[in-house]
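**Q** I would like to see how this sequence folds:
(one chain, ligands or ions: 1)
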Amino acid sequence: MDTINDSLVKIEPLQPGWYNSQVAALDMLRLDLVHPIVSGNKWYKLRLNIKYAQDHNFRTIVTFGGGYSNHLIATAYAANKAGLGSVGVVRGKYDKLTPTLITCQQEGMQLIFVTKEDYNRKEDKEWINELAYHFDEIFIIPEGGANEPGRKGAGLINRFIKEAYTHIAVSVGSGTTLAGLRNSLPANQHLMGFVPMKQGTYLNSYIATHLSPGKEGNWQLFDDWHFGGFGKWNTELITFMNDFSATNKIPLDIIYTSKMMYGLRELIANGHFAPTDKILAIHTGGLQGNDGVGGLNFNQ
Ligand SMILES: *Cc1c(COP(=O)(O)O)cnc(C)c1O
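**A** Numbering: from 1, shown residues only. The predicted model follows:
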């Protein structure tokens, strides 16, 4: 998959004025640059899944997501590039396809729309097999790429992270990326997860059960910056996002990375860090999601 290229990833320092120079460094790991569609952490969660499917002669990837899902669109593209078919089981009915779903179809993904109630059966293998019975040799990737190859693949992000960073910040959806990173990073690097949904600390147990021996500690979830819940935002967050991109020349997405950077800046301002701390914030991508919230004038 030569169009998805690790070498496009880079680390960029944020403007010291943006965080009032209250820490020694605040840099951003630009995983969003890896590819416009298979962006950010999604590629890392998918790559070992796709490899497994290829190595074991599966022919169709089946996975799950909502109408704006970064995971769904990334899977459609990555499967297509790998010569595999793909099926997306979509949560809810849509009168009109979202830009995300249109791209999924263009990448050859077959969409199956199910009710929210049925979608809750997404871990029921029998139901999935029935749903996708007329597709060849299906390999099922759970929602959010939340399986062992997904966590291992996310752990590969450690290749970009130098030991000099004391704190690593990442946005959390399923917790797959955070768990993979915790397992692959040195135990003394603090890992901070920012949760974009309400009461997201239920993720603590998912993450804790997937950590390797010796890597159980030194991570924490922050769920104060959900802005009303997953997929919700207000004008304050939009203003913040636009200001961030104008100052630092880095676009953020409204669903995940804006909330993380908002929280991180507040923690810095409130004295959560020592002046000698060096923070690396991971840009997990998701910029395509901004297209789905049309009508807002994003300044990228
Ligand atoms: C999916 C996603 C996340 C969350 O990743 P998980 O591995 O599910 O925790 C964070 N940021 C962006 C932009 C995403 O698309």
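**Q** which residue ranges form the helices in the stretch 51-200 of the chain?
**A** Taking DSSP state H, counting those that start in this stretch to define them, one finds helices in the stretch 51-200 of the chain at 70-81, 99-106, 116-119, 125-131, 148-155, 176-184.
**Q** what's the angle from the fifth one to helix 176-184?
**A** Computed by axes from the mean of the first three to the mean of the last three Cα atoms, to 10 degrees, the angle separating helix 148-155 from helix 176-184 equals 70 degrees.
**Q** can you list the residues of the stretch 201-300 of the chain near the ligand?
**A** Selection of the stretch 201-300 of the chain residues close to the ligand by Cβ under 6 Å from any ligand atom yields 253, 256-257, 284-286. Quick note: C-beta positions are derived from backbone N, CA and C, even for glycine.
**Q** residues from the stretch 1-150 of the chain in reach of the ligand?
**A** 40-42, 70-71, 144.
**Q** reformat the residues of the stretch 201-300 of the chain next to the ligand as CSV; add neighbour count and secondary structure.
**A** Listed next are these as CSV, based on neighbours: other Cβ atoms under 10 Å; DSSP: H, G, I helix; E, B strand; the rest coil:
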residue, neighbour count, secondary structure
Asp253, 27, coil
Tyr256, 25, coil
Thr257, 29, helix
Thr284, 25, coil
Gly285, 27, coil
Gly286, 28, coil
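**Q** check contacts around the closest residue to Gly66 other than its chain neighbours.
**A** Beyond its immediate neighbours in the sequence, the residue positioned closest to Gly66 (Cβ to Cβ, 6 or more residues apart in numbering) is Arg91, lying 4.8 Å away. Listed by Cβ atoms under 8 Å, 6 or more residues apart in numbering, the contact partners of Arg91 are 64-67, 114, 116, 119.
**Q** what of Gly289?
**A** 68, 70, 100, 253-255.
**Q** could you flag which of those are buried?
**A** 68, 70, 100, 253-255 (16 or more other Cβ atoms under 10 Å).
**Q** could you identify the most distant pair in the residues you listed?
**A** Thr100 and Ile254 (13.8 Å; Cβ to Cβ).
**Q** which of the contacts of Arg91 are buried, as a ChimeraX select command?
**A** Listed next is the ChimeraX selection for buried residues among the contacts of Arg91, using 16+ other Cβ under 10 Å:
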select :64,65,66,67,114,119
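**Q** could the helices of the stretch 51-200 of the chain be laid out in TSV, adding mean pLDDT and distance to Gly17?
**A** Below are the helices of the stretch 51-200 of the chain laid out as TSV (pLDDT from 0 to 100; distance: least, Cβ to Cβ, whole Å):
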stretch	mean pLDDT	distance to Gly17
helix 70-81	97	31
helix 99-106	97	35
helix 116-119	95	45
helix 125-131	93	51
helix 148-155	98	32
helix 176-184	98	29
